[in-house]
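A.B. asks: Sequence first, predicted model second:
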Amino acid sequence: MIRNNYYYLVAGLPEIALEQGKLQFGTEQLREELMHGLSPADFRLFEMLFLSEDNSNLLSLLLKEDRPLSAKGIYQPEMLAAEIREPKALMNYMQLFIGSFTAENRLYPNLSLQNELTLLYYKEMLEVKNDFMRSWFGFELNLRNVLLVLSAKKNGLPYENQVIAANVLAESIRRSSARDLGLTSEWPWIDRVLQIVDIQDLLAREKAIDQLRWTFLDEMNTFNYFTVEVLVAFYIKLGIIERWLQLDPATGEELFRNLLGSLQNSYEFPNEFNIKDGRK
């Protein structure tokens, strides 16, 4: 398969670092630039980063929640509302979720609605043909599941029905009773996560988690130079920096309280680090 090279776009990217104090431009500007600069097929790959916004909007519309809807997804809220009545143009997992919801025939009745939608979402993302995107979504799923289980164990909370079991690792950690999940030999990065969860400072802990993401992106692009994967990774990194430019210690305390609260109820991957125009 022939891959597009974006020499001009990649060459124009500035050097960025996780500890950066300010940015030349943000994710909103980069998204606009890529919309015009990428091929239609590559932009569709890039847009997959924003489906989580659509997931949130879709759930709010189905539950008739009274809250502002995001305009940062792939689908405009008005289109989502129309698709709920007659789904035909949405992603397959969304159509499946809408169908089961409206028919009152839950696909995963042991899960919360949020987790059911998240599970369907990840199942489809893990089937994406692009290796980089598939690996990124897989890493995000694995990291979030591992953090969930370790936090739940540490605080004596149930987690079996909160794990998003969309792949083999998820099933393994859901069944594991070992403190280290018994998977560090097969998944070496879990050993680093075990060290991270023992960090007492909440913001330092989250910074270390984002460093894991940063390192993963770099490793995935070792042999990519001017392809769409480089631009996608840069966008994700830019979003990470934007989040940190908005955070302070009080945010960290609130983050921890919200996480425990969500664990005690029905765990939903927390949005505490969502930024205005990008996502984790």
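C.D. replies: The structure has been received and is ready for your questions.
A.B. asks: surely Phe216 meets Phe139?
C.D. replies: Yes: using Cβ atoms under 8 Å, Phe216 and Phe139 qualify as a contacting pair, with a distance of 5.4 Å. For every residue, glycine as well, the C-beta is placed using N, CA and C.
A.B. asks: overlap in contacts of those two?
C.D. replies: With contacts taken as Cβ atoms under 8 Å, 6 or more residues apart in numbering, Phe216 and Phe139 have no neighbour in common.
A.B. asks: quick one, helices of the protein?
C.D. replies: Assignment of helices within the chain using DSSP state H yields the ranges 7-11, 27-37, 40-47, 51-63, 77-85, 92-102, 113-125, 131-154, 168-175, 189-196, 202-220, 228-246, 249-264.
A.B. asks: With respect to Gln20, which of those helices lies nearest?
C.D. replies: helix 228-246 (5.1 Å; Cβ to Cβ).
A.B. asks: which strands and helices sit next to the closest one?
C.D. replies: helix 7-11, helix 27-37, helix 40-47, helix 131-154, helix 202-220 (3 or more Cβ pairs under 8 Å, 6 or more residues apart in numbering; DSSP states H and E).
A.B. asks: now that helix and helix 131-154, what's the angle there?
C.D. replies: 40 degrees (axes from the mean of the first three to the mean of the last three Cα atoms, to 10 degrees).
A.B. asks: and helix 228-246, average pLDDT?
C.D. replies: On average, the pLDDT along helix 228-246 is 95.
A.B. asks: same thing with stretch 108-115?
C.D. replies: Per-residue scores along stretch 108-115 average to 94.
A.B. asks: For it, measure first residue to last.
C.D. replies: Using Cα to Cα, to the nearest Å, one end of stretch 108-115 lies 9 Å from the other.
A.B. asks: show me the contacts for Met35.
C.D. replies: Met35 neighbours (Cβ under 8 Å, 6+ apart): Phe43.
A.B. asks: Can we start the residue count at 830 from this point?
C.D. replies: With the count now opening at 830, the last piece we talked about shows up as Met864.
A.B. asks: Next one: it from Leu1067, what distance?
C.D. replies: 15 Å (Cβ to Cβ, to the nearest Å).
A.B. asks: coming back round to it: need the helices of the chain in a markdown table (columns: distance to Glu989).
C.D. replies: What follows is the helices of the chain, written out as a markdown table (distance: least, Cβ to Cβ, whole Å):
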| stretch | distance to Glu989 |
| --- | --- |
| helix 836-840 | 44 |
| helix 856-866 | 36 |
| helix 869-876 | 33 |
| helix 880-892 | 22 |
| helix 906-914 | 31 |
| helix 921-931 | 22 |
| helix 942-954 | 12 |
| helix 960-983 | 9 |
| helix 997-1004 | 6 |
| helix 1018-1025 | 19 |
| helix 1031-1049 | 23 |
| helix 1057-1075 | 30 |
| helix 1078-1093 | 12 |
